[in-house]
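Colleague: how would this look folded up:
(one chain, ligands or ions: 2)
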Amino acid sequence: MKIWQSPAKLNLFLYITGKRADNYHNLQTLFQFVDLCDELQFSRRQDNRITLATPIKDIDDNNNLVIKASKLLLEYAHTHHLTLPEQYGITIHINKKLPIGGGLGGGSSNAATTLVALNEVWQLHLSVNQLMTLGKSLGADVPIFIYGHSAFAQGIGDLLKSVAIPEKWFLIIKPNIEISTVSIFKHPELKRDTVTRDIDQLLNNSFENDCEPIVRKLYPIIDRIITLLSTKAPTRLTGTGSCIFCECESLQHAQKLQLFLNNQFLPTDNITSFLAKGCNKSPLYQ
Ligand SMILES: C[C@@](CO)(OP(=O)(O)O)[C@H](O)COP(=O)(O)OP(=O)(O)OC[C@H]1O[C@@H](n2ccc(N)nc2=O)[C@H](O)[C@@H]1O
Ligand SMILES: Nc1ncnc2c1ncn2[C@@H]1O[C@H](COP(=O)(O)OP(=O)(O)O)[C@@H](O)[C@H]1O
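Modeller: Numbering: from 1, shown residues only. Ligands and ions are numbered 1, 2, ... in the order given. Modelled structure (predicted):
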């Protein structure tokens, strides 16, 4: 059965340029995918039920973004009188590899992969733009995963302009912490007044993440990891964390940094790390 890739993203830079009336924030961010992916499978059923064969611990199936995305697409098909197969039931399998609450966008990516896959399985023929509009109602990060190319994003992260950037190797580090996106965006000390710049200015300046100072303050282990690894390679937080990434010159460089990291922390610190390569084209479409 076909395996659908559901990649992680990194925010190579992330600036918050203001708070909006709808309580979201305007961002300027540079998204790149990495070849670290969850794997999803969609098998047809002889009925009209949508079920999850692989529940995720602590996430109720009805809150799982793959179920939410399936039901959203189904509802769209019904209200727009699109032709669905007579028996459109689906069983979804998730082979979860991406850490949850790590700023890698795994939940949003799973939602995006589900919309793209079921659009094909049910032969609904929705365009990428239609799927992106639907996906945005599930989360600000869903459109980039449907778009499928590295992009400079503005608005809440959904106004996208394709960019080609070097496809570097990364060491991605996951401390034993899950950070809720809302908790960071709500924090009174979050820097949310960075001046808006154009993409050329942003690409020619050093890359930063406005969430990083407050996350480092709230989580000393993250501060410690960034301080340590910054002596070896450019190191930053992705999204609202908790994952940290180091930009490496090569796979060998990334492996060397991983050894260095493992020597600095104890197994009881429960830090995991991944070697991953940046990709301008999403593994979903490769
Ligand atoms: C910050 C980013 C950067 O890529 O990534 P993560 O760290 O979550 O991966 C994203 O913008 C997250 O996108 P996503 O995780 O889909 O967020 P949503 O579910 O839409 O929003 C969760 C909550 O975060 C806040 N939020 C999110 C996005 C945004 N531009 N402004 C906000 O203020 C809002 O309070 C919202 O209710
Ligand atoms: N299929 C899914 N995979 C991961 N997280 C999911 C999923 N469905 C729902 N969620 C919820 O989405 C939230 C965000 O998860 P995720 O996208 O992995 O992290 P982040 O937003 O930090 O990048 C989690 O708190 C989790 O409870």
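Colleague: The closest residue to ligand 2 within the stretch 101-250 of the chain: what secondary structure?
Modeller: Minimum separation of the stretch 101-250 of the chain from ligand 2 (CB to the nearest ligand atom) falls at residue 107, amounting to 3.0 Å. The C-beta positions use only the backbone N, C-alpha and C, and glycine is treated the same way. Classification of residue 107 using DSSP: H, G, I helix; E, B strand; the rest coil returns helix.
Colleague: show me where pLDDT drops low in the stretch 51-200 of the chain?
Modeller: Within the stretch 51-200 of the chain, no stretch has pLDDT under 70.
Colleague: Residue 219: how many residues sit nearby?
Modeller: Close neighbours of residue 219, defined as other CB atoms under 10 Å, add up to 17.
Colleague: Where do the helices of the stretch 151-286 of the chain begin and end?
Modeller: Secondary structure of the stretch 151-286 of the chain by DSSP state H, counting those that start in this stretch: the helices cover 181-186, 199-203, 212-218, 220-230, 251-264.
Colleague: ok so, going back, could you double-check that the residue of the stretch 101-250 of the chain closest to ligand 2 lies in contact with residue 135?
Modeller: No. Contact criterion CB atoms under 8 Å: residue 107 and residue 135 do not qualify, at 11.9 Å.
Colleague: and the closest residue to ligand 1 within the chain, how far is that from residue 274?
Modeller: Taking CB to the nearest ligand atom, ligand 1 has its nearest neighbour within the chain at residue 239, 2.3 Å off. Distance from residue 239 to residue 274, counting by CB to CB, to the nearest Å: 16 Å.
Colleague: out of those two, which sits in the busier spot?
Modeller: Neighbour count, other CB under 10 Å: between residue 239 and residue 274, residue 239 has more, with 25 against 21.
Colleague: The more buried one contacts residue 103, doesn't it?
Modeller: Yes. Residue 239 is in contact with residue 103 according to CB under 8 Å; the separation is 3.2 Å.
Colleague: between these two, what contacts are shared?
Modeller: residue 11 (CB atoms under 8 Å, 6 or more residues apart in numbering).
Colleague: Pull the contacting residues for the closest residue to the residue of the stretch 101-250 of the chain closest to ligand 2 other than its chain neighbours.
Modeller: For residue 107, ignoring the flanking residues on the chain, the nearest one in space by CB to CB, 6 or more residues apart in numbering is residue 65 at 4.7 Å. Each residue near residue 65 by CB under 8 Å, 6+ apart is listed here: 107, 108, 110, 111, 114, 138, 139.
Colleague: Over to residue 209?
Modeller: Contacts for residue 209 were tallied using CB under 8 Å, 6+ apart; they are 11, 13, 14, 236, 237, 238, 239.
Colleague: Tell me how many other residues crowd residue 72.
Modeller: Residue 72: 19 surrounding residues under other CB under 10 Å.
Colleague: Would you list the phi and psi of it?
Modeller: Taking degrees, to the nearest 10, you get phi -60, psi -40 for the backbone angles of residue 72.
Colleague: Would you mind measuring from it to residue 136?
Modeller: Residue 72 is 11 Å from residue 136, by CB to CB.
Colleague: now residue 173
Modeller: 30 Å.
Colleague: Compare the two (neighbour count), which wins?
Modeller: residue 173 (24 against 17).
Colleague: OK, contacts around residue 112?
Modeller: Residue 112 is in contact with 6, 69, 131, 135, 142, 143, 145, 146, 284, counting by CB under 8 Å, 6+ apart.
Colleague: Next: residue 9.
Modeller: Neighbouring residues of residue 9 by CB under 8 Å, 6+ apart: 31, 32, 33, 34, 104, 105, 109, 141, 144, 145, 238.
Colleague: Excluding residues flanking it in the chain, which one is nearest it?
Modeller: Residue 9's closest residue in space is residue 105 (CB to CB, 6+ apart), at 4.6 Å.
Colleague: Do I have it right that that neighbour meets residue 145?
Modeller: Yes. Assessed by CB under 8 Å, residue 105 is found in contact with residue 145 at 6.9 Å.
Colleague: What values do phi and psi take at the residue nearest to residue 176 when sequence neighbours are not counted?
Modeller: Leaving aside its sequence neighbours, residue 176 sits nearest to residue 270 (CB to CB, 6+ apart; 3.7 Å). The phi/psi pair for residue 270 (degrees, to the nearest 10) reads phi 50, psi 50.
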